Structures are given as structure tokens and as C-alpha cells.
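> take this sequence and fold it.
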Amino acid sequence: MDTSHVSALNAKHAGLEARIRDEIARPAPDSYRLATLKKEKLRIKQELASAAT
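Below you'll find the predicted structure:
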């Protein structure tokens, strides 16, 4: 996998982490939105791991 794709995945992963932190910080976090964000973050993490091998 080329480095630009890996860089894009890293940026997206970091963005999702920020969105998760923002959602958790809300007075009434949306559990469905949190679950969706966490699943997407995990998918990207798995794609990054497979790119490293």
C-alpha cells in the first residue's frame, strides 16, 4: 500500500478519535453515533494493520 494512502488512513483515524472524544464530552452522548464512530475507527485500524504486513 502506498504511503499517501496510509497517511490518509492515519488522518481519518485521528479525525474519528477527535469526533469520539467530542461526542463523549457532550452532556448527553448519542450511543448509536458513538458505536458507529468506534466501528469505523476499528475498520480503519484493521486496514492500517493489514497494510503494515
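> would you list the phi and psi of the residue of the chain positioned farthest from its centre?
The outermost residue of the chain, judged against the average C-alpha position, is Pro27 (21.8 Å), by CA atoms, centre = their mean. Here is the backbone geometry of Pro27 (degrees, to the nearest 10): phi -60, psi -40.
> and Ala14, how many neighbours does it have?
Residue crowding around Ala14 was assessed by other CB atoms under 10 Å; the count is 12. C-beta coordinates here come from the backbone N, C-alpha and C atoms, glycine included.
> now do His5
Using other CB under 10 Å, His5 has 12 neighbouring residues.
> with Pro27 as the reference, measure out to the one residue sitting closest to the centre of the chain.
For the chain, the residue nearest the mean C-alpha position is Lys41 (2.7 Å; CA atoms, centre = their mean). Going from Lys41 to Pro27 by CB to CB, to the nearest Å gives 23 Å.
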